[in-house]
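structure of the sequence below:
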Amino acid sequence: MYCINAARYLFQDEPIEVFATSASKNQPRFREVAEMTSAILRFPNDRLAAFSLSFGAAKVSTYQVVGTKGDLRVNPAYAGDGEIKHYLTIDGKTQEQSFAGRDQLAAEFVYFSNCILQNKQPEPSGQEGLIDVRIIQALYKSIETGGFVKLQPIQRDRRPDMNQSIKRPPVEQEPELIHAADPSGKS
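You can find the predicted model right below:
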């Protein structure tokens, strides 16, 4: 889901067709869920997003946007805490930029709570989730059929943007919280 959201957010658009394929080793833990899946999302104006995910591979959390003049690599891409680094390469020259970690869940909880208290509709709305589910269902259909699956266009009046950003510092474990959770004082 993170890969789908990242592509939709970066392109500020919705995919028009998708393709996916899955593979699994002959292990009991992969009987009900595929070990790995690779997908291609085709967006309007001949833009493609491709991603692979796996339960059986080494942990990797990165994405790369490749354009006509260079590329941007983000690592880690989907971290909930810790420093995030951007590597922007244009004409063979790379610039690195670091961003301090922040608590994404706390910001989401604060925002959603405020929506309830102020009787406002949250954005991203439930429509975001429905769009994700629609894309995931099309990816499953592609795996079954072995071909691309077209998606009907969706009319959007709004989409999430940086103006909604709420910055919260990363959660640090306070020594007194550790002691309260473990009366022996051992962590």
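
show me where the protein has helices.
2-11, 104-117, 126-145, 175-181 (DSSP state H).

rank the ones you listed by pLDDT, which is bottom?
Considering those one by one, the lowest average pLDDT is found for helix 175-181, at a mean of 43.

point out where this structure drops to low pLDDT.
Residue ranges of the chain with pLDDT under 70: 79-81, 102-103, 157-187.

residues contacting the spatially closest residue to A77 that is not a sequence neighbour?
Leaving aside its sequence neighbours, A77 sits nearest to Y63 (C-beta to C-beta, 6 or more residues apart in numbering; 4.4 Å). Using the backbone N, CA and C atoms, a C-beta is placed for each residue, glycine as well. Residues near Y63 by C-beta atoms under 8 Å, 6 or more residues apart in numbering: 3, 6, 51, 73-74, 77.

kindly recompute the last result at 10 Å.
2-3, 6-7, 10, 49, 51, 72-78 (C-beta atoms under 10 Å, 6 or more residues apart in numbering).

which of those residues count as buried?
3, 6-7, 49, 51, 72-74, 76 (16 or more other C-beta atoms under 10 Å).

list just the nearest of those residues to Q137.
C3 (15.7 Å; C-beta to C-beta).

list the contacts of that closest one.
C3 touches 37, 39, 41, 49-53, 63, 77-78, counting by C-beta under 10 Å, 6+ apart.

one more: L48?
Applying C-beta under 10 Å, 6+ apart, the residues contacting L48 are 7, 11, 15, 19, 40-42, 66.

quick one, which of these are buried?
7, 11, 15, 19, 40-42.

quick one, strands of this protein?
Assigned by DSSP state E, the strands in the chain fall at 17-23, 36-43, 47-54, 63-66, 70-75, 84-90, 93-99, 149-150.

sheet partners, orientation included, of the fourth one?
What that stands for is strand 63-66. strand 70-75 (antiparallel) (DSSP bridges).

and the strand it pairs with, how far from the chain's centre?
Averaging C-alpha positions (C-alpha atoms, centre = their mean, to the nearest Å) puts strand 70-75 15 Å from its chain's average.

number of nearby residues for Q118?
Q118 has 7 neighbours, counted by other C-beta atoms under 10 Å.

actually R29, sorry about that
For R29, the neighbour count with other C-beta under 10 Å is 11.

Provide a list of residues in contact with the residue nearest to it when sequence neighbours are not counted.
Leaving out its chain neighbours, the residue that sits closest to R29 by C-beta to C-beta, 6+ apart is F55, at 7.7 Å. By C-beta under 10 Å, 6+ apart, the residues touching F55 are 24, 29-30, 33-37.
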